[in-house]
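Chemist: missing the sequence, but the structure's below:
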């Protein structure tokens, strides 16, 4: 995925990769795409998935397809890579 300049938001995109819902820091959800890019996932659907992983309702890590965008000034507060705001997350069977 192409990262936009800091003053602009990327177009909406769908990427596939491995997400780690529980990284040891609440709210720091890691996504590594098939291309090897690393992002910090954010958004309400991400927090819902993180909560389900904490309660054991879904795996701590899983393969997913994520639709969303990289926001303006997309630096990660968790130092995981740029932020990717997820609008939709779908588990993918390996």
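Modeler: Yes, it's here. A quick note: this is a predicted structure, and the numbers were derived from the prediction, not measured. Numbers count the residues shown, from 1 in each chain.
Chemist: excluding chain neighbours, what is closest to residue 30?
Modeler: residue 20 (4.5 Å; C-beta to C-beta, 6 or more residues apart in numbering). Every residue, glycine included, has its C-beta placed from N, CA and C.
Chemist: ok, that neighbour touching residue 59?
Modeler: No. Counting by C-beta atoms under 8 Å, residue 20 stays clear of residue 59, with 9.7 Å between them.
Chemist: out of these two, which sits in the busier spot?
Modeler: residue 20 (19 against 14; other C-beta atoms under 10 Å).
Chemist: tell me the contacts of that one?
Modeler: 29, 30, 31, 60, 61 (C-beta atoms under 8 Å, 6 or more residues apart in numbering).
Chemist: can you map out the strands along the chain?
Modeler: 13-20, 29-33, 38-42, 61-69, 83-91 (DSSP state E).
Chemist: give me the contacts around stretch 37-52.
Modeler: Stretch 37-52 has contacts (C-beta under 8 Å, 6+ apart) with 1, 15, 17, 19, 21-22, 26-33, 58, 66, 68, 70, 76-78, 80-89.
Chemist: ends of it, how far apart?
Modeler: With C-alpha to C-alpha, to the nearest Å applied, stretch 37-52 spans 25 Å between its terminal residues.
Chemist: how about stretch 30-50?
Modeler: Stretch 30-50: ends 11 Å apart by C-alpha to C-alpha.
Chemist: rounded mean pLDDT for that stretch, please.
Modeler: Mean pLDDT, computed over stretch 30-50, is 94.
Chemist: excluding chain neighbours, what is closest to the one residue sitting closest to the centre of the chain?
Modeler: In the chain, the C-alpha nearest the mean C-alpha coordinate belongs to residue 41, at 2.7 Å (C-alpha atoms, centre = their mean). The shortest distance from residue 41 to any non-neighbouring residue, by C-beta to C-beta, 6+ apart, is to residue 29 (4.3 Å).
Chemist: might one say that that neighbour is in contact with residue 17?
Modeler: No. Counting by C-beta under 8 Å, residue 29 does not reach residue 17; the two are 11.9 Å apart.
Chemist: neighbour-wise, which of these two wins?
Modeler: Legend: neighbour count by other C-beta under 10 Å for residue 29 and residue 17, higher for residue 29 (26 against 19).
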